[in-house]
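Undergrad: My questions concern the predicted model and sequence given below.
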Amino acid sequence: MRSMLSLSSAPPPPPGAQDAAGLHAAVAALAPPHMLPQGLSPDLTAALLAKDRGNSFAIMEPYRHGMSLELLKARAYAVYPRASLFNHDCLPNACHFDYPDRPGPGNTDIVVRALHDIPEGREVCISYFAANWRYADRQRRLLEDYGFRCECDRCQVESQWKDDDDNNGDDGDDTMEEEGEDDVGDRGDDGIEEEEGDGATNGGDDDFPHAYFFVRYLCDNEGCWGMLAPLPPSPNGDLSHVFECNLCGKLRKEEDVIPDEGTSGMVH
């Protein structure tokens, strides 16, 4: 309980969100008194809900080939206090995996793996939602659920796109969909650029210099859009050249992940 309460809180919920007072009354009425935390009150229930909204990770139902990402539902939410300290970046250098359907110990763990080499001193960041979301959708979700606006390199580029201007993208308008903490600050994708050199900006799309990221690190399974990260190193320390999708579980060899020029999975 103390660990949970030490986490950052989400902003006040929008109208129509889960009612803390109603939830508290239901829990107090249904749970045996000896199972209730000491000092449980409506205010404590509201505080716990705010912590949950701002820090929980979605445990998704199994992906089925061809299933649209919009139809994929979360079967549960879990709070991992240490993992919730990861900040957001719209071009993350890491992503998280969970394996709830694996038998044996560890199937309730969350695993964070780097997408690529990360320079010393660079912050390790994840994305709080699918990386192919539009600028306006990302900004609205971050502001409503986490209380900040993102000004990363990618957002600065996409904020100038005409389709987002037409949809009031600067105001975070549009429609929306995981995890979170703190402000993003001035974080770009320097680790990717240092790893891949000029290739990161030679995707053939001057309007979106980060297109390389989407082809290399986003899954190409139909309707998936999960993140691709290398499998863990072997016991003797050899790095893996096989990438795994954190949503559908598809495996791809590194040579199959290298993008063709001019391709991108970005949603405009």
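TA: Alright, I've got the coordinates.

Undergrad: For this protein, which segments are assigned as strands?
TA: Applying DSSP state E to the chain gives strands spanning 56-60, 74-79, 87-88, 94-98, 110-114, 125-126, 228-230, 242-245, 251-253.

Undergrad: All the helices of the stretch 51-200 of the chain, in order from the start?
TA: 135-141, 153-158, 162-166, 190-196 (DSSP state H, counting those that start in this stretch).

Undergrad: Rounded mean pLDDT for the third one, please.
TA: Summarised as a single mean, pLDDT over helix 162-166 is 55.

Undergrad: contacting residues around Arg138?
TA: Applying Cβ atoms under 8 Å, 6 or more residues apart in numbering, we find Arg138 in contact with Cys90, Phe129, Cys150, Cys155. Bear in mind the C-beta positions are built from the backbone N, C-alpha and C, glycine included.

Undergrad: how does it look with 6 Å?
TA: Residues near Arg138 by Cβ atoms under 6 Å, 6 or more residues apart in numbering: none.

Undergrad: Any idea which of the helices of the stretch 51-200 of the chain has the lowest pLDDT on average?
TA: Among the helices of the stretch 51-200 of the chain, helix 190-196 has the lowest mean pLDDT, at a mean of 39.

Undergrad: quick revisit: and the strands of the chain as a markdown table, adding mean neighbour count and mean pLDDT?
TA: Listed next are those as a markdown table, based on neighbours: other Cβ atoms under 10 Å; pLDDT from 0 to 100:
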| stretch | mean neighbour count | mean pLDDT |
| --- | --- | --- |
| strand 56-60 | 18 | 89 |
| strand 74-79 | 14 | 88 |
| strand 87-88 | 22 | 95 |
| strand 94-98 | 20 | 96 |
| strand 110-114 | 15 | 96 |
| strand 125-126 | 24 | 97 |
| strand 228-230 | 21 | 96 |
| strand 242-245 | 20 | 96 |
| strand 251-253 | 12 | 92 |
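
Undergrad: I'd like to know which of these lies nearest to Leu30.
TA: Closest to Leu30 of the strands of the chain is strand 74-79 (Cβ to Cβ; 19.2 Å).
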